[in-house]
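J.: Quick one, structure for this:
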Amino acid sequence: ANLQANNYRELFRIPINTNQGDVRVDHTLSDRQNLFVRFTYKDVDSTTSPGQTSPTISALAGTIRVPEQVAALTVAHNMVLKPTLFNEIRAGFTGRNFLRTYEQDAATLISQMGITGLAAPPAGAALPDVQIAGYQRVGGLAESATRDRTFQLLDNVTWTKGSHTLKFGGSWNHYVMDRY
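T.: Just a heads-up that it's a prediction; the model follows:
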């Protein structure tokens, strides 16, 4: 017999609610200049089961709520400097907030399992890590939050001379992630 098999099963609903939108503006500043701006926003609220997140997480952990918000802004400016010289500059920002919370907390789970003699666990949605040989692992989880930001700046110049065209440019990217 396989003693390491999942010995506790439960079916979970997995709802996902998403709201998102885009706003875009294209504007001709002059016969030599164009401007483009786009803003995107997405708000996702989803719930998943422990087995979908990781097969080692017990169903006793309950459902896992995973809300996420994403916002992005892009700006591009194109300009004809001379009939043979064209410049394009683009800037962008993307921000994402991601939260993971668990339906159960340590105190509730300890009480439901009938475990006594433990010090009171800290508040919050965290589950104790309980491992008993031959049974499904329970816990070892804590709610977490992730916030990341990406900044980007690009510039390209196109130069035409006779039958030759040269395009050159560069980009700068900056990425910041904070996890709690």
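
J.: Let me see the residues that make contact with stretch 147-158.
T.: Contacts with stretch 147-158, where a contact means CB atoms under 8 Å, 6 or more residues apart in numbering, come from 85-98, 165-180. Placement of C-beta: from N, CA and C, glycine included.

J.: Just the buried residues of that stretch, please?
T.: Of all the residues in stretch 147-158, those buried under the rule 16 or more other CB atoms under 10 Å are Thr158.

J.: Do me a favour and average the pLDDT over that stretch.
T.: Per-residue pLDDT over stretch 147-158 has a mean of 96.

J.: Against which helices or strands is the helix ranked longest in the chain packed?
T.: Longest helix in the chain by number of residues, with DSSP state H as the criterion: helix 106-113. Counting contacts by 3 or more CB pairs under 8 Å, 6 or more residues apart in numbering; DSSP states H and E, helix 106-113 packs against strand 126-127.

J.: mind checking how far the residue of the chain positioned farthest from its centre is from Asn87?
T.: Residue farthest from the centre of the chain, counting by CA atoms, centre = their mean, is Gly162 at 47.8 Å. Using CB to CB, to the nearest Å, one gets 20 Å for the distance from Gly162 to Asn87.

J.: Skip the chain neighbours and tell me the closest residue to Asn34.
T.: Nearest non-adjacent residue to Asn34, counting by CB to CB, 6 or more residues apart in numbering: Asn78, 4.6 Å away.

J.: quick one: average pLDDT of the helix or strand where the one you found lies?
T.: Here Asn78 sits within strand 64-82, counting by DSSP states H and E. Computed over strand 64-82, the mean pLDDT rounds to 93.

J.: Flag the shaky bits of this protein, pLDDT-wise.
T.: By pLDDT under 70, the weakly predicted segments of the chain are 1-13, 49-62, 122-130, 136-141.

J.: Could I get the full set of strands for it?
T.: Here the chain has its strands, by DSSP state E, at 16-30, 33-48, 64-82, 85-102, 126-127, 141-142, 144-161, 164-179.

J.: Pick the most buried one from these.
T.: Using mean count of other CB atoms under 10 Å, the stretch among these with the greatest mean number of neighbours is strand 126-127 (a mean of 23).

J.: quick one: contacts for the residue nearest to Asn34?
T.: Going by CB under 8 Å, 6+ apart, Asn78 touches 33-34, 36, 86-88.

J.: Roughly how far does it sit from Lys167?
T.: As judged by CB to CB, Asn78 and Lys167 stand 13 Å apart.

J.: Alright, I will stop here.
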